[in-house]
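Visitor: whatever this is, show me its structure:
(2 chains)
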Amino acid sequence: MSTLKFLLEKEFKQFFRNPFLPRTLVFMPIMIILIMPFAATMDVRNINVAFVLNEQSPLTNRLIQKVSSSEYFNLVDVTSSSKEALSLVEKGTADMILEVPVGFERKLTREGKGDLLLSINSVNGAKGGIGSSYIATLLNDFALEMRDELAPVVLSSSTPVIQIVPRYLFNASLSYRTYMIPALITILLTLLCSFLPALNIVSEKEAGTIEQINVTPVSKFTFIIAKLLPYWIMGFLVFTIAMILACWVWGLIPVGNVATIYLIAIIYVFAMSGFGLVISNYSGTMQQAMFVIFFFMIVLMMMSGLFTPFRSMPLWAQYITAINPLRYLIEAMRMVYLKGSGIQDIARNLAALIGFAVFFLLWAVQSYKKSN
Amino acid sequence: MDAISVNKISKSYGTVRALQEVSFEVQKGELFGIIGPDGAGKTTLFRILTTLMLPDLGTATVNGLDVVTDYKEIRRQVGYMPGRFSLYQDMTVEENLTFFATLFGTTVRENYDLVKDIYQPLEKFKTRRAGKLSGGMKQKLALSCALIHKPSVLFLDEPTTGVDPVSRRDFWEMLQRLKKQGITIVVSTPYMDEAVLCDRIALIREGQFMGIETPQEIVNSYQERLWAVHSNKMSSLLAELRTFKGIQSCFSFGDVLHVTVIDDQLSPASLKCFLVKEGHADVEVYPIQATIEDCYMLLAK
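Guide: Residues are numbered from 1 along each chain as shown, chains lettered A, B, ... in the order given. From the prediction side, this is the model:
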């Protein structure tokens, strides 16, 4: 026990002497809570629109007014040449061209029908798709306004209208931030509690200091625990700070029990620490370990439903997400944070993570024996 | 009982046979040297004896304890200084020493008299980080850390590699003092001049021991006729002598060449005469006493 104390003392000393690590510790929760929510957003704003007017009329002026007053669209140019508008898209100054053909107003008022040509730069598919649906809604709105003004009141009231009033559950304002923050916090745990201790162990291997420890009576188990404990402590400290920041800055308070969050987070940390140890056992150098960790970090994040819902992935990809521990934690975090789920609701996630913890820790022990 | 007893130890890395049936004994209080070139298997042998690695075949005991089954107890009783500096570079001199003392459940004060001579020159740098020390200082610190738990057997893997000649001499003097305190020391080195300072030496090459004797015995057992040859054209001289009939081997030793002669008819005077005829000037040929290095070259052939 006293050996562990001395080892821990040494680990903390080394950690705080490192010119880089303590700063990262402070910077990470700030980055995750204050900066990332702005970046990791699927809300599409600031779509640049260029108008091509083949006729000038009060109606087109109103249309321009309508589009440019929307918070989603910026008016960048009004021209009469499609070529010029296209060159703006090519340069990247415009994302979308709305072309009004000759006789638009006349056709709309006489026949009750008007055509518009919409061209969208869809290099970024999401922006293109969402942008087109936004503009469609906006134009629909515009058409309704027109109809009310132009057509006799009687006529409009006789058309049956179905009005849908959506009620959004769990995330009433459809805020992407509320959805992302509980998931982003998990990245902190993954980095701090799994990958950092793994790198630390490999660095001792690379420096040869592990040899010097191995010829002392310190048992391997004590050595590993002394490596993991400081990072567990710091990981959960940063995790807690991140949750407090999320509450303070964004007013995001878990609907469910905070204890449930800690429970699943602790199990996740066990599983990922095991995974980190496995990596450290198979790597001889920092370069190897860094590369492997980098690879797995990307896989973990992309295949966890962090950015894109895993249910919309193809079936084979969904199978891959099933062996991703991060998926279970993110899912559970969102459930507890937004829906207020209890332990029974996330039992499946808990069970899966316990499975991972057992699997990785056993593997770590096994490969550790072999590496000697 | 011998301090160390090794019985037919073998170890391979894949197809590379690092050690092949190595056997030897080291007596208590002996200064035992293992001499051999890089890659001869010295470090592998140390790692097995310090319980860092398991042998493929064979058995070994340290203080009567088996290196495989009693590894825990061995770790309490031996000190190991690896060839590469492997203390914590981001911790200070004092912190490193204290840290290793505490890992063995002891304190620096308790065993200070043992490391005093070695540690004293470091005392004034005790708040300096280990990584910022000079090569010789690092080596002293590493030795202090390996000694702080009062081991009865000390393993030193190439302790003087990369250390200046003055520090090297100091270091060997320290080893002699430690030996006087009854500590068994096993030291490996690629330097032949250090071999004579050991009680007994083992010459190792390609994983095999070629002979274990006292330095004097090894030199005495040298039977060849050995001459030193010098001329003004050393580089062409080496090639010429190597093809000369009656000369078995020729190696460069500092500013002379050592040649072993198998032709009994050949005399230094006649060889000198021949070389002058071949266009060499300032030719000198004279018989010399063999050194450990000559013995090593002969055995390594």
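
Visitor: going by C-alpha atoms from here, please, whenever you check contacts or count neighbours.
Guide: OK.

Visitor: how many residues are close by the closest residue to chain B within the stretch 101-250 of chain A?
Guide: At 4.6 Å from chain B, residue A:209 is the closest residue in the stretch 101-250 of chain A, using C-alpha to the nearest C-alpha. Residue A:209: 19 surrounding residues under other C-alpha atoms under 10 Å in any protein chain shown.

Visitor: quick check: it touching residue B:87?
Guide: Yes: with contact defined as C-alpha atoms under 8 Å, residue A:209 reaches residue B:87; the gap is 5.6 Å.

Visitor: ok, so what distance separates residue A:99 from chain B?
Guide: 67 Å (C-alpha to the nearest C-alpha, to the nearest Å).

Visitor: residue contacts, residue 269?
Guide: This is for chain A. A:189-190, A:193-194, A:232 (C-alpha atoms under 8 Å, 6 or more residues apart in numbering or on different chains).

Visitor: actually chain B
Guide: residue B:285 are the contacts of residue B:269 under C-alpha under 8 Å, 6+ apart.

Visitor: show me what the helix or strand residue A:289 falls within packs onto, helices and strands only.
Guide: Element membership for residue A:289, per DSSP states H and E: helix A:286-302. Counting contacts by 3 or more C-alpha pairs under 8 Å, 6 or more residues apart in numbering or on different chains; DSSP states H and E, helix A:286-302 packs against helix A:196-207, helix A:258-282, helix A:325-334.

Visitor: tell me the most buried of these?
Guide: Most buried of those, by mean neighbour count (mean count of other C-alpha atoms under 10 Å in any protein chain shown): helix A:325-334, with a mean of 24.

Visitor: angle of it against helix A:258-282?
Guide: For helix A:325-334 against helix A:258-282, the angle by axes from the mean of the first three to the mean of the last three C-alpha atoms, to 10 degrees is 170 degrees.

Visitor: got the contact list for helix A:325-334?
Guide: A:179, A:182-183, A:186, A:261, A:264-265, A:268, A:271-272, A:300-301, A:303-306, A:321, A:346, A:349-350, A:352-353, A:356.

Visitor: now do the same for that helix: mean pLDDT, whole number.
Guide: Throughout helix A:325-334, pLDDT has a mean value of 95.

Visitor: ditto for stretch B:155-165
Guide: Averaged over stretch B:155-165, pLDDT sits at 88.

Visitor: and residue 12, what does it touch?
Guide: In the absence of a named chain, chain A is used. residue A:230.

Visitor: wait, chain B
Guide: Contacts of residue B:12 by C-alpha under 8 Å, 6+ apart are B:18-19, B:56.

Visitor: which strand or helix spans it?
Guide: Going by DSSP H and E, residue B:12 is in strand B:4-13.

Visitor: break the chain into its domains for me.
Guide: No chain specified, so I'll use chain A. Here chain A is described, according to automatic domain parsing, as comprising the domains A:2-40+A:173-370, A:47-158.

Visitor: ah, I was thinking of chain B
Guide: Domain ranges of chain B: B:4-219, B:222-300, per automatic domain parsing.

Visitor: for the residue nearest to residue A:177 when sequence neighbours are not counted, what are its contacts?
Guide: Setting aside the residues directly before and after it, residue A:177 is nearest to residue A:37 in space (C-alpha to C-alpha, 6 or more residues apart in numbering or on different chains), at 5.6 Å. By C-alpha under 8 Å, 6+ apart, the residues touching residue A:37 are A:177, A:180-181.

Visitor: lovely, talk soon.
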